[in-house]
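K.L.:
This is a predicted model, with the sequence first.
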There are 2 protein chains.
Amino acid sequence: MAETTYNVTGMTCGHCVAAVRQEVGQLPGVQDVDVDLTTGNVKVISAAPLDPAQVAAAVDEAGYELNPAN
Amino acid sequence: MAETTYNVTGMTCGHCVAAVRQEVGQLPGVQDVDVDLTTGNVKVISAAPLDPAQVAAAVDEAGYELNPAN
């Protein structure tokens, strides 16, 4: 089990949160995605550590940007 | 044919625009809905003039607020 918190920029409302949750939640092995709209923090619980490039691609697919500092 | 422009507050992103478009677009007689995210203006083209209360209800259903000045 791995828990990683990423930071996403560009989310402005609940629809944005839902879009990120959906895309990141579809990655293989992801068990839970918790998004904080105020901070942009996205906590991901997965069976094994995720490939950051895959997470970045999922966030991009949702229409937002993964903060590269993560 | 009637064209009326309303003003909606609270939309922050493209998902918000889509939600308003969908709800207002479902009102009977509505032919086109054009939303400007920057101004909040929602131009509605309909077969006949709409009941403002119905438009307000559709906007509310989408999760936003119709500016009462309209």
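P.N.:
Right, received. Where do you want to start?

K.L.:
Residue A:27: what secondary structure?
P.N.:
Under the three-state scheme (DSSP: H, G, I helix; E, B strand; the rest coil), residue A:27 adopts coil.

K.L.:
Contacts only, for it.
P.N.:
A:46, A:50, A:54-55, A:58 (C-beta atoms under 8 Å, 6 or more residues apart in numbering or on different chains). All C-beta spots, glycine's among them, are computed from the backbone N, C-alpha and C.

K.L.:
same thing with residue A:14?
P.N.:
A:37, B:63.

K.L.:
ok, 10 Å please
P.N.:
Under the criterion of C-beta atoms under 10 Å, 6 or more residues apart in numbering or on different chains, the contact list for residue A:14 reads A:35, A:37, B:12-13, B:15-16, B:19, B:63.

K.L.:
May I ask which of those residues has the most neighbours?
P.N.:
residue B:16 (23 neighbours; other C-beta atoms under 10 Å in any protein chain shown).

K.L.:
For whichever helix or strand that residue is part of, what is the distance to the chain centroid?
P.N.:
Taking DSSP states H and E as the definition, one finds residue B:16 inside helix B:14-25. Put simply, helix B:14-25 sits 8 Å off its chain's centre (C-alpha atoms, centre = their mean, to the nearest Å).

K.L.:
and that helix with helix A:14-25, angle?
P.N.:
Angle between the axes of helix B:14-25 and helix A:14-25 is 120 degrees (criterion: axes from the mean of the first three to the mean of the last three C-alpha atoms, to 10 degrees).

K.L.:
Restricting to C-alpha, output helix B:14-25 in PDB.
P.N.:
Listed in PDB are the C-alpha atoms of helix B:14-25, where the atom choice follows Å, rounded to 0.1, in the frame of the first residue of the first chain:
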ATOM      1  CA  GLY B  14     -15.600  25.000 -18.500                       C
ATOM      2  CA  HIS B  15     -17.400  22.300 -16.500                       C
ATOM      3  CA  CYS B  16     -19.600  25.000 -14.900                       C
ATOM      4  CA  VAL B  17     -20.400  26.400 -18.400                       C
ATOM      5  CA  ALA B  18     -21.300  22.900 -19.600                       C
ATOM      6  CA  ALA B  19     -23.600  22.300 -16.500                       C
ATOM      7  CA  VAL B  20     -25.500  25.600 -17.100                       C
ATOM      8  CA  ARG B  21     -25.700  24.900 -20.900                       C
ATOM      9  CA  GLN B  22     -27.100  21.500 -20.200                       C
ATOM     10  CA  GLU B  23     -29.700  22.500 -17.600                       C
ATOM     11  CA  VAL B  24     -30.900  25.600 -19.400                       C
ATOM     12  CA  GLY B  25     -30.800  23.700 -22.800                       C
END
